[in-house]
Structure formats: structure tokens, C-alpha cells
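S.K.: after the sequence you'll find the predicted model.
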Amino acid sequence: MLSKRKKLLLREKKNFFIQAKKIRLDFLHFFYLKDGQGQFIVIVPKKIVKQAVKRNKIKRIFYFYINSFLKENKCNGSGVFILKRVIKKDKIKDQVYKLLYQIC
């Protein structure tokens, strides 16, 4: 899990999606800003995954890979991962690392 310092609070950042750049992949959308904070959040819509247990499991997988990337590298950007389709665990790791390398 990510610590509270590394989680992005979207309610405090009112214009995040207006200012952010967007990367679209086949299974997720990634919004990011290079603002020097290094905070991230994962959003799994209820429309995509109905059960809260499964949504939380997907978030934990994402947070695990984000946290492991941040331990190895310093990142000065903030980002939001929005899942659009359920995918396999192996593909998550590759795509998360690829996206984080682009902004860090």
C-alpha cells in the first residue's frame, strides 16, 4: 500500500483533470502532472468491477507496483490511473512501470 503522503487527494486539487496530460491505453486512462509531489491514486469504477472486494484487490495490486517503482526511482509527478477494463496481473506491472518511467 502507498503511504498517505504518496496518495493523491483529488478533492484538494480542483483542476487536476483540466491541467493534466492524458495517456490512453486499451485498458486504462492515465492522467498526470509534473508538479513535484510524487502522489498517485487508482480509480476502479463500479461499472467495471461490481464487487468491492475485487475493486480493492485491483487497487492493492496497482499500489504495490507503484510503491515498488517509487522505492527504486524518485518521481516528481502526480498521476491518476482510471481502469477501463479488467486485465491480468502481469500486464498491470508492465504498463504501470512504463507509464511511471514516462513521467519520472
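M.R.: Thanks, I have it.

S.K.: tell me the contacts of the residue positioned nearest the centre of the chain?
M.R.: Geometric centre of the chain, nearest residue: residue 81, 3.4 Å, by CA atoms, centre = their mean. Residue 81 is in contact with 28, 29, 30, 40, 41, 42, 43, 62, 96, 99, counting by CB atoms under 8 Å, 6 or more residues apart in numbering. Where you see a C-beta, it was placed from the backbone N, CA and C, and this is true even at glycine.

S.K.: contacting residues for the fifth one?
M.R.: In other words, residue 41. Contacts of residue 41 by CB under 8 Å, 6+ apart are 7, 8, 9, 10, 79, 80, 81.

S.K.: okay, now the unreliable bits of the protein?
M.R.: Nowhere does the chain drop to pLDDT under 70.

S.K.: how about the strands in this protein?
M.R.: Per DSSP state E, the chain carries strands over the ranges 21-24, 28-33, 40-43, 78-83.

S.K.: out of those strands, the one nearest residue 49 is which?
M.R.: strand 78-83 (7.8 Å; CB to CB).

S.K.: for the closest one, what is the distance to the chain centroid?
M.R.: How far strand 78-83 lies from its chain's middle: 4 Å, per CA atoms, centre = their mean, to the nearest Å.

S.K.: same question, stretch 79-87
M.R.: On CA atoms, centre = their mean, the centre of stretch 79-87 falls 7 Å from the chain's centre.

S.K.: got it, and stretch 74-86?
M.R.: 2 Å.

S.K.: next, count neighbours for residue 21.
M.R.: Per other CB atoms under 10 Å, the neighbour tally for residue 21 reads 13.

S.K.: so what sits opposite residue 83 in the bridge?
M.R.: With beta bridges defined as DSSP bridges, residue 83 has these partners: residue 28.
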